[in-house]
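[1] Got a predicted structure here, sequence first:
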Amino acid sequence: MLEFAILGFLFEARQYGYDLRKHLAALTGHVRPIADGTLYPAIKRLVDGGLVLKKQEAGSGAAPRFMLELTPAGREKVRLLLREPTEVFITDENHWFCLLAFLRHLDDDPAAQAAVLRRRLAFLTTPASFFYRDGRPLSAEDVDDPFRQGLLRIARVTSRTELEWLNVTIGDLDARSGHAAVGN
């Protein structure tokens, strides 16, 4: 997810490492704080993989700074990851939010955007729970524990809101791409 977020932010604009770190922290920091020992090796892997260029530029003080920007291969990689996200980007909420942060970069392909949203819609409409009894998903009304009830109620409201948004947005994207809505 970190490498995807780095590529996503660099898709928008070249950035210094420090500025990139601030953007990443704003997107993911409340969930997973990003240490320099994690960020800079990830950047190095992307540079070594030919997806990111790292250019030394004069800093405002005496120390030089490194400007990061996507290579053409990096731009294509972002678009591929957005079109064909791995399953974890559909099923894991933190990965999903990261994907949503950059899905706009497929603005020239509303059908591809809608296809990604349909995958999430299919995931959310499959009966599931955090807790099961005899193989059956439990709802808030099925448990006595007030904390598990809270978890299940919050998840239910969040899912309903997301389902409403997904259906409306898929319809809008279908209209933009000239396709009739299917299964909504």
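    Alright, I've got the coordinates.
[2] what helices or strands is the helix or strand of the chain with the lowest mean pLDDT leaning on?
    Lowest on mean pLDDT, DSSP states H and E among the helices and strands of the chain sits helix 17-28, with a mean of 83. Contact partners of helix 17-28 among helices and strands, from 3 or more C-beta pairs under 8 Å, 6 or more residues apart in numbering; DSSP states H and E: helix 2-12, helix 36-48, strand 65-70, helix 93-102. (C-beta placed from N, C-alpha, C; glycine too.)
[3] how does it look with 7 Å?
    If you count contacts as 3 or more C-beta pairs under 7 Å, 6 or more residues apart in numbering; DSSP states H and E, helix 17-28 packs onto helix 2-12, strand 65-70, helix 93-102.
[4] what mean pLDDT would you report for the helix or strand hosting residue 171?
    Here residue 171 sits within helix 146-177, counting by DSSP states H and E. Here helix 146-177 scores 93 as its mean pLDDT.
[5] Measure how that helix sits relative to helix 93-102, angle-wise.
    Angle, helix 146-177 to helix 93-102, by axes from the mean of the first three to the mean of the last three C-alpha atoms, to 10 degrees: 30 degrees.
[6] List the buried residues in helix 146-177.
    For helix 146-177, burial by neighbour count (16 or more other C-beta atoms under 10 Å) applies to 148, 151-152, 155, 166, 169-170, 173-174.
[7] Please apply the same query to stretch 72-81.
    Buried residues in stretch 72-81, defined by neighbour count with 16+ other C-beta under 10 Å: 74-75, 77-79, 81.
[8] So which of those sit within helices?
    Residues of the buried residues of stretch 72-81 located in helices (DSSP state H): 74-75, 77-79, 81.
[9] where are the low-confidence patches of this structure?
    Across the chain, the ranges flagged by pLDDT under 70 are 28-33, 59-62, 180-184.
[10] mind giving me the domain ranges of it?
    What automatic domain parsing lists as the domains of the chain is 2-78, 107-177.
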